[in-house]
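Peer 1: Give me a model of this one.
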Amino acid sequence: MTGFIEEGPADGAIGVQIDGRDYRWENVTLNDPGDRAWAHPGVAVSPGDTIYVADASGSQVVSISHSGTRGTMSLPVTECHGLAVTADGGLWVADNGHKLVPQGAGYADVVNAGQVILVDPNGSLVQRLGAPGRWSPCGVALHDFGRGSEGRLWVADG
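Peer 2: Next comes the predicted model:
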């Protein structure tokens with residue numbers, strides 16, 4: 001389960017008021033509650049107010065539109081971490097290349113090369129960035145959805 005703060009009416013739920021606007025915590029189920037997996041990915045919001053967050057599988061990104069419509073994109077990654085959305089709706093994904101996968105009573109390590117990928121709004125691969133050696137990108141950022149960044153992409157290597 002993942003949660004996010006959303007503006008809405010004060011309905012008795014735990015919330016906060018900031019500058020006269022009410023916000024509440026809302027749980028959003030991304031995976032089957034019986035799934036035995038976990039993740040700690042980033043979250044990103046597009047210029048059109050679509051929310052993007054990776055599910056616990058590590059290789060799927062869930063999109064939630066402003067109207068509540070959901071979509072899922074399966075991506076060629078080991079573990080989605082940082083996310084950043086471009087002005088035209090593309091999605092940059094930092095993949096640290098390491099995922100703990102449930103196995104028996106514990107977890108098994110899956111280790112692949114780290115990468116950063118760009119996918120279009122349909123989830124099709126547009127660009128892949130790799131690096132020599134053990135690279136473990138965990139965060140990715142654009143200034144102003146890439147409009148004012150002169151094409152610069154900032155990557156944090158974990």
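
Peer 1: only C-alpha atoms for contact and neighbour calcs from this point on.
Peer 2: Will do.

Peer 1: Spatially nearest residue to G139 (excluding sequence neighbours)?
Peer 2: Leaving out its chain neighbours, the residue that sits closest to G139 by C-alpha to C-alpha, 6 or more residues apart in numbering is G82, at 4.1 Å.

Peer 1: Report the central residue of the protein.
Peer 2: By C-alpha atoms, centre = their mean, the mean C-alpha position of the chain lies nearest to V53, the distance being 3.4 Å.

Peer 1: returning to what we had before: report pLDDT for the residue nearest to G139.
Peer 2: Note on G82: pLDDT of 92.

Peer 1: So it: helix, strand or coil?
Peer 2: strand (DSSP: H, G, I helix; E, B strand; the rest coil).

Peer 1: Please apply the same query to F145.
Peer 2: helix.

Peer 1: what pLDDT, on average, does stretch 139-156 get?
Peer 2: 83.

Peer 1: got the buried residues for it?
Peer 2: Within stretch 139-156, the residues that count as buried by 16 or more other C-alpha atoms under 10 Å are 139-142, 145-146, 155.

Peer 1: So which of the residues you listed is the closest to N112?
Peer 2: When the buried residues of stretch 139-156 are compared for distance to N112 (C-alpha to C-alpha), G139 wins out at 17.1 Å.

Peer 1: in its sheet, what does the one helix or strand the closest one maps to sit against?
Peer 2: Element membership for G139, per DSSP states H and E: strand 137-141. In the sheet, strand 137-141 lines up against strand 154-157 (antiparallel) (DSSP bridges).
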